[in-house]
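**Student:** sequence unknown, structure follows:
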């Protein structure tokens, strides 16, 4: 398991200083601006990756339109679930699939949204069809389509993978998101979806304490993920992918928290 960090696609692709400052050599390259998904930017990314020795283990693919990360408007704004944004976002994810193939990344990752819990919901199968369209497009380009966990329970994610049915599907497991959204315990979730996990976000958080607001993100090791036990279970199921640190704040505190997470992960990994 190699330690890496989320890295934003900026500066026309000359953007790997953020990774290098932590002494790391792998990242997820994240971007919400599809105007950067061009061959020219891809060429620069490939050059800068070779120059810095930083490997891109996946492209985190954003989409346009509203995005509210909460229980109230999240279900009607996030991912491929809202009908009014679905077709546009399918096409945007296809553009990121092209970009990922141009830079040699193995997959794109995205949030698909609050996938309906009830499989008889009339919107469930259209969401599955939209995911399948993107996954098939990725498959044609020789890359994977990976779900980031968050707005759905592990069993809903498992069901959806089975319904989509392509053989290039995987999961970017964000253990904190399962907690922040109150969707599950990340260690137990590995019993349900462990075989599909390709990348892991190293992020921590606390469970919701009321029904209207998400739980709170906290520095790695200060929340409910229980990282030493989580890493041990990942090793037991044979996971050997990347551990990508994500701290969703900015400024100097983010840098300090990432450095601490690198140190803690190195210690925890030496003990499993």
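**Tutor:** Received it, and whenever you're ready, just let me know what you need. Predicted model, so just to flag it, every value in this text is computed and none were measured. Numbers count the residues shown, from 1 in each chain.
**Student:** Just grab the bridge partners of the residue most central in space within the chain for me.
**Tutor:** Nearest to the geometric centre of the chain sits residue 148, at 4.0 Å (Cα atoms, centre = their mean). Beta-bridge partners for residue 148, by DSSP bridges, are residue 172.
**Student:** how close does it get to residue 210?
**Tutor:** Residue 148 sits 24 Å away from residue 210, going by Cβ to Cβ, to the nearest Å. Using the backbone N, CA and C atoms, a C-beta is placed for each residue, glycine as well.
**Student:** Then residue 265?
**Tutor:** With distances taken as Cβ to Cβ, residue 265 is found 32 Å from residue 210.
**Student:** who has more neighbours, these two?
**Tutor:** A direct count of neighbours by other Cβ atoms under 10 Å for residue 265 and residue 210 places residue 265 higher, at 19 against 6.
**Student:** For residue 197, which residues are in contact?
**Tutor:** 170, 171, 172, 173, 190, 234, 237, 239, 241 (Cβ atoms under 8 Å, 6 or more residues apart in numbering).
**Student:** re earlier: what are the neighbouring residues in contact with the residue nearest to the centre of the chain?
**Tutor:** 60, 109, 110, 111, 171, 172, 174, 177, 201.
**Student:** Please pick the buried ones from the contacts of residue 197.
**Tutor:** Among the contacts of residue 197, the ones that count as buried by 16 or more other Cβ atoms under 10 Å are 170, 171, 172, 173, 190, 234, 239, 241.
**Student:** From residue 106, how far off is the third one?
**Tutor:** This means residue 172. 12 Å.
**Student:** ditto for residue 204
**Tutor:** The gap separating residue 204 from residue 106 is 26 Å, by Cβ to Cβ.
**Student:** residue ranges for the strands of the stretch 101-250 of the chain, please.
**Tutor:** 107-110, 144-148, 169-173, 197-202, 204-205, 217-218, 242-245 (DSSP state E, counting those that start in this stretch).
**Student:** For the longest one, which residues meet the burial criterion?
**Tutor:** Of the residues in strand 197-202, those buried by neighbour count under the rule 16+ other Cβ under 10 Å are 197, 198, 199, 200, 201, 202.
**Student:** Give the rounded mean pLDDT of it.
**Tutor:** Averaging pLDDT along strand 197-202 gives 98.
**Student:** List the pairing partners of that strand within its sheet, with orientation.
**Tutor:** Strand 197-202 is paired, per DSSP bridges, with strand 169-173 (parallel), strand 242-245 (parallel).
**Student:** Give me the residues contacting the helix or strand following the last one.
**Tutor:** Counting by DSSP states H and E, the next helix or strand C-terminal to strand 242-245 is helix 252-271. With Cβ under 8 Å, 6+ apart as the test, helix 252-271 has contacts from 1, 3, 5, 21-24, 202, 219-221, 227-228, 231, 243, 245, 247, 249.
**Student:** any idea of the mean pLDDT for helix 252-271?
**Tutor:** Throughout helix 252-271, pLDDT has a mean value of 97.
**Student:** in that helix, what counts as buried?
**Tutor:** Buried positions in helix 252-271, judged by neighbour count with 16+ other Cβ under 10 Å: 257, 258, 261, 262, 264, 265, 268, 269.
**Student:** and residue 90, that one's in a helix?
**Tutor:** Yes - according to DSSP: H, G, I helix; E, B strand; the rest coil, residue 90 belongs to a helix.
**Student:** isn't it right up against residue 130?
**Tutor:** Yes - using Cβ atoms under 8 Å, residue 90 is in contact with residue 130, at 5.4 Å.
**Student:** Between those two, which has more neighbouring residues?
**Tutor:** Each of residue 90 and residue 130 had its neighbours counted (other Cβ under 10 Å), and the higher figure belongs to residue 130 (21 against 17).
**Student:** dump the residue contacts of the closest residue to that one other than its chain neighbours.
**Tutor:** Once flanking residues are discounted, residue 130 sits nearest to residue 80: 4.6 Å by Cβ to Cβ, 6 or more residues apart in numbering. Going by Cβ under 8 Å, 6+ apart, residue 80 touches 86, 89, 90, 112, 113, 127, 130, 131, 134.
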